[in-house]
Every structure is written in structure tokens, then in C-alpha cells.
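Undergrad: starting from these lines, generate the structure:
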Amino acid sequence: MNKIIIANPDINSWRMINHLPFNGKFEDKFRGTSLHLSFTDFELPVDVGSRGLRDTLVILLESVVSANDRGNHIGDLDINAIFRSNSLVMAPECAHKIKGAKQTKEGAQGGGRNQELIAIDSWSEFFDLPETMGIFRANGNWQARLAAAAASVQQGNKAIILPRQPCLECLEAVDASRFDLIIA
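TA: Residues are numbered from 1 along each chain as shown. This is a model prediction of the structure:
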């Protein structure tokens, strides 16, 4: 798979894409995201040669990981592309001591680089990324973070994944010029 396969838009419904500034809060706005593993009908027999008196049939089964948002199919993901790509970076674990206080104080006022960040709070906003750097807010939601990482790689975006419990100091350490998206 080279690109994420996106469901066709429904012309009877519409969604407004706001691209609001990041308010400094690491939240999970993707609670409705789920991943589903299914098998296609493709099978490939593998010939392992003669191995003793027993014959064993070995076949490769093709599988697909689909991402859904509140029951709506948003795409099929190539999870293995994450491991082959150089455009995805994992940030180191957070070693800062004062997480909650700094997050609330600076985040509420939009201090530092946070004013330049755009909050990505829906899949519609993800598929129509802003011109400045966006922060995908799925804090603590491994399924949404994995889906965003795979979709980002498939779309050719450069992304960085923040640690599970990030703080604003972790965010300040990110070199914004190197990435298109921050996954929090």
C-alpha cells in the first residue's frame, strides 16, 4: 500500500475543519477510533521442501488493519510501513519533574512555540493538515496514535511521536522545522 485508502465522502453530510490553535492541553480527542484486523482471501502457498515423513502445508495469509472512527471506516493502514520509514521519529521518554503545573500555566496562556501549533482534534482535520505544524491530540490512546503514525507515513508526512505522558517541555524540545505533525 502506498497511500491510505480513505472512505468516499458522503455528500449528504459535511464537517467544518477549524484548525484551532493548540491550547497547551494534552487530551484524547480520538476516543472513537478503533483498529480492526481482518484477513483477505489472498493465500500464497510456501514450498518448504521435503522435511521428514510428515507433509505440512504452509501458506501466507494477507491481512488488513482498518481504522474506524465511531463506526465509520476511515482507511486501511500499512502498519509495516512505520518500520521501513525514516519519516517517523519517537521522542525520548519525558524526564521533566513538574508536568501538571507547567502544562496548565503555560498552556492556558499559549506561551512559547505553542501559539504556532494547530490542534488536530478530528480525522477530517488530520486528512486536511494545516499549513503550519499540527499536533494530533490522542494522549493515552494507543490505537489512535498508531493509526495516525501509519497514516502519516503513508501520506509522506514527517511526524514525531511524543512519549505517553508528555509535558510542554517535551513539546518545546521538538525542532518544528523537521516535522509536519506531532503525535501526542
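
Undergrad: rest of the way, CA atoms for contacts and neighbours
TA: Fine.

Undergrad: please enumerate the strands of the protein.
TA: Applying DSSP state E to the chain gives strands spanning 33-46, 58-69, 72-77, 88-90, 118-120, 134-136, 159-161, 181-183.

Undergrad: out of these, nearest to Gln143?
TA: Within the strands of the chain, the stretch nearest Gln143 is strand 33-46; the backing value is 6.2 Å (Cα to Cα).

Undergrad: pull up the pairing partners for that closest one, direction included.
TA: Strand pairing for strand 33-46, using DSSP bridges, gives strand 58-69 (antiparallel).

Undergrad: buried residues in the partner strand?
TA: Judged by neighbour count using 16 or more other Cα atoms under 10 Å, the buried positions of strand 58-69 are Val65, Ser66, Ala67, Asn68, Asp69.

Undergrad: my understanding was that Asp69 contacts Thr33; is that so?
TA: Yes - with contact defined as Cα atoms under 8 Å, Asp69 reaches Thr33; the gap is 4.4 Å.

Undergrad: in this structure, which residue is most central in space?
TA: What sits nearest the mean C-alpha location of the chain, by Cα atoms, centre = their mean, is Ala148, with 1.5 Å.

Undergrad: okay but it is in contact with Ile183, surely?
TA: Yes - contact between Ala148 and Ile183 holds when scored by Cα under 8 Å: they sit 7.4 Å apart.

Undergrad: tell me, what's touching these two both at once?
TA: Common neighbours of Ala148 and Ile183, counting by Cα atoms under 8 Å, 6 or more residues apart in numbering, are Phe136.

Undergrad: show me what whichever helix in the chain runs longest is packed up against.
TA: Criterion DSSP state H: the longest helix present in the chain is helix 142-154. Counting contacts by 3 or more Cα pairs under 8 Å, 6 or more residues apart in numbering; DSSP states H and E, helix 142-154 packs against strand 33-46, strand 72-77, helix 81-84, strand 159-161, strand 181-183.

Undergrad: which one of the ones you listed lies nearest to Phe136?
TA: Set against Phe136 and scored by Cα to Cα, the helices and strands packed on helix 142-154 come closest in strand 181-183, at 4.8 Å.

Undergrad: tell me which of the buried residues of strand 58-69 is nearest to Leu57?
TA: Closest approach to Leu57 among these (Cα to Cα): Val65, at 25.3 Å.
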